[in-house]
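In: Return a 3D structure for these sequence lines:
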Amino acid sequence: MPTEEAVDYLVIGAGPAGLQAGYFLAKAGRSYLVVESGEAAGAFFTRFPRHRTLISINKVHTGWDDPELRLRNDWNSLLSEEHEPLFTRRTPRYFPHADEMVGYLADFAATHGLDVRYNTRLVEITRPDDFVARDQHGNTFRAKRVIAATGVSLPNVPDFEGAELAERYDEFDTDPESFTGQRVLIVGRGNSAFETADSLIANAAVIHVAGAGSLKLAWRTHFVGHLRAVNNNFLDTYQLKSQNAILDGKIRRIRKDDDGYHVEVVFERVNEIVKEIRYDRVVLATGFRFDASAFSAECRPELTINNRFPAQTEAWESPNVPDLHFAGTITQVRDFKKSTSGFIHGFRYGVRALHRILEHRHHGVPWPALDLGTKVEAAADEVVRRVNTSSALWQQFAFLGDVVLQSPDGSLRYAEEVPVDHAAAAVPRGDFGEVARHAVITLEYGADHDAVDPFDVTAGRKSQDDVQGLDGRYLHPVVRVYEGAELVGEHHMTENLENEWDSEDVHRSPLRAFLSAHRSPVAPVAS
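Out: Below you'll find the model as predicted:
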């Protein structure tokens, strides 16, 4: 017989983001339920990536004992106060097998006793007052708030003519033997396309990888979703003339006959020449998109970026459906192809920040903040400590920032890991109390960092002894001071080869001078 349950928070999806959200809700003692369509947590990783090797770093041996520092090189573990379980204890492989993620997520859910309902696929979500979700068995779940952590579950099929004739990345036969001696076209320029191409090098006769625009390499752009070195062996076979090629252009049409696939390619950078090329196989590796089909018209979230992702406010909330929030890889719309919200090592911190926003908004719990007294020296010391140890600022560069809050009486508080655009809205409107001025501390790459070849020694870098790192392109701390929404000062701490920003002369003293010079003029200055 169908049942009905009521909770304050319904979390949809028991992948990494859903479990991370469940952990924080459970810790806070909130009424919640995580529902998962699959038989176990992390069902996505039972199928993807198709060639079964993760490209998320699992660095076991760091030389550090500090668990916070170790998370800078552990891209798979979820956050917990207990620092348990850790993915790094499952396998020493730097790029682990995807099955390890499935096992890890099951371990995380069990270790923390999370309330997860498996084999529960939501087929309809309405909102007569509260949200009402119905599963495939007719059971209903009422919730004041919904956190969608479903990932991107639908293939993103391009709209050119004949796209339906091609094989899709999510369902093609990955056995390289099935491609032996064949001419293969892979449509797409992401890691899934090159992962597929790399796997076929020894078997296929010819492999072409096609896509529009210039190929972007992660080691240059610092965006981990661009082509990673672990998948770029194919580039050697192209540049060293081994029958493979990258086609810079768009696919206009695919047609099929007894001779195979005939693909019209509109080439870029050569006056848009159109060439028809014959292939034996065509594989679409063009990404995925969010599935909003379960949401009824009155609560269907607005979509963005070619309708691939749900639109989101600075609180990860749907702009047209209040109290519908998002977590996980679908939150990448807020730092699209810039930072790390699309990946576990980024969105785990985003989920923690979302939880703090919800705690303040619905339960009156202020954002955690450390009282620093009135002396600038204490604020400078805390900034230096955090930029040298924080994994959140490191992983979510330019997206999350620590905030030094100066009250009108001159007292200082330190709030960690506030989304930069949330701080820009929340501090002026009073979410952090009465604030005369505030400073936002981030780790950032410099302007035009992706326009410089990082291996070109002639390009040069800022001297590590320079007290002002404004022109630095490598990762470095940035401190910006605001009065309300107005920027009143900006300071860059000079980049450092070992990412250690604690020199008295180069880092600490200039920072203290900057903070002292940019205190609110109405605040009393402590001796």
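In: how about low-confidence regions in the stretch 101-250 of the chain?
Out: Low-confidence segments of the stretch 101-250 of the chain (pLDDT under 70): none present.
In: got the residue ranges for the strands in it?
Out: Counting by DSSP state E, counting those that start in this stretch, the stretch 101-250 of the chain has these strands, from start to end: 116-117, 122-126, 131-135, 140-148, 154-155, 167-168, 183-187, 206-211, 245-257.
In: CA atoms only: put the third one into CSV for me.
Out: What that stands for is strand 131-135. Output in CSV follows, covering the C-alpha atoms of strand 131-135 (Å, rounded to 0.1, in the frame of the first residue of the first chain):
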residue,chain,number,x,y,z
PHE,A,131,6.6,20.1,-2.4
VAL,A,132,4.9,16.7,-3.0
ALA,A,133,7.0,14.1,-4.7
ARG,A,134,5.6,10.8,-5.9
ASP,A,135,7.7,7.7,-6.6
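In: Does anything pack onto it? Which helices or strands?
Out: strand 4-12, strand 122-126, strand 140-148 (3 or more Cβ pairs under 8 Å, 6 or more residues apart in numbering; DSSP states H and E). C-beta coordinates here come from the backbone N, C-alpha and C atoms, glycine included.
In: deepest of those strands, which one?
Out: strand 140-148 (a mean of 22; mean count of other Cβ atoms under 10 Å).
In: Helices along the stretch 51-200 of the chain, start to end?
Out: In the stretch 51-200 of the chain, the helices defined using DSSP state H, counting those that start in this stretch lie at 67-70, 98-111, 191-200.
In: hey, which of these is tucked in deepest?
Out: Greatest burial across the helices of the stretch 51-200 of the chain, using mean count of other Cβ under 10 Å, falls to helix 191-200, with a mean of 23.
In: That helix vs strand 206-211, what angle?
Out: 170 degrees (axes from the mean of the first three to the mean of the last three Cα atoms, to 10 degrees).
In: on that earlier part again, of all the strands of the stretch 101-250 of the chain, which one is nearest P322?
Out: P322 sits nearest to strand 140-148 of all the strands of the stretch 101-250 of the chain, at 9.2 Å, using Cβ to Cβ.
In: what does the closest one contact?
Out: Contacts to strand 140-148, defined as Cβ atoms under 8 Å, 6 or more residues apart in numbering, come from residues 2-13, 18, 21, 33, 35, 125, 130-135, 301, 310, 323-327, 330, 354, 358, 362.
In: Drop anything exposed from the residues you listed.
Out: Neighbour counting by 16 or more other Cβ atoms under 10 Å classes 7-13, 18, 21, 33, 35, 125, 130-135, 301, 310, 323-327, 330, 354, 358 among the contacts of strand 140-148 as buried.
In: Read off the pLDDT value for P521.
Out: P521 is assigned 74 on the pLDDT scale.
In: which stretches of the protein aren't confidently modelled?
Out: Counting by pLDDT under 70, the chain contains low-confidence ranges at 270, 456-471, 522-527.
In: can you pull the contacts of N320?
Out: Counted by Cβ under 8 Å, 6+ apart, N320 has contacts P301, E302, A311.
In: do you know how far it is from G328?
Out: N320 sits 20 Å away from G328, going by Cβ to Cβ, to the nearest Å.
In: Dump the contacts of N320 into JSON lines; add secondary structure and distance to T494 as well.
Out: Below are the contacts of N320 laid out as JSON lines (DSSP: H, G, I helix; E, B strand; the rest coil; distance: Cβ to Cβ, whole Å):
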{"residue": "P301", "secondary structure": "coil", "distance to T494": "43"}
{"residue": "E302", "secondary structure": "coil", "distance to T494": "43"}
{"residue": "A311", "secondary structure": "coil", "distance to T494": "38"}
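In: Out of those, the closest to A28 would be?
Out: Using Cβ to Cβ, P301 comes nearest to A28 of these, at 24.9 Å.
In: Assess the claim that the closest one and A294 are in contact.
Out: No: checked against Cβ atoms under 8 Å, the pair P301 and A294 is beyond contact range at 10.9 Å.
In: Tell me how many other residues surround K256.
Out: Neighbourhood size, K256 [other Cβ atoms under 10 Å]: 14.
In: let me redo that: P319
Out: Neighbour tally, P319, other Cβ under 10 Å: 13.
In: what secondary structure does it sit in?
Out: coil (DSSP: H, G, I helix; E, B strand; the rest coil).
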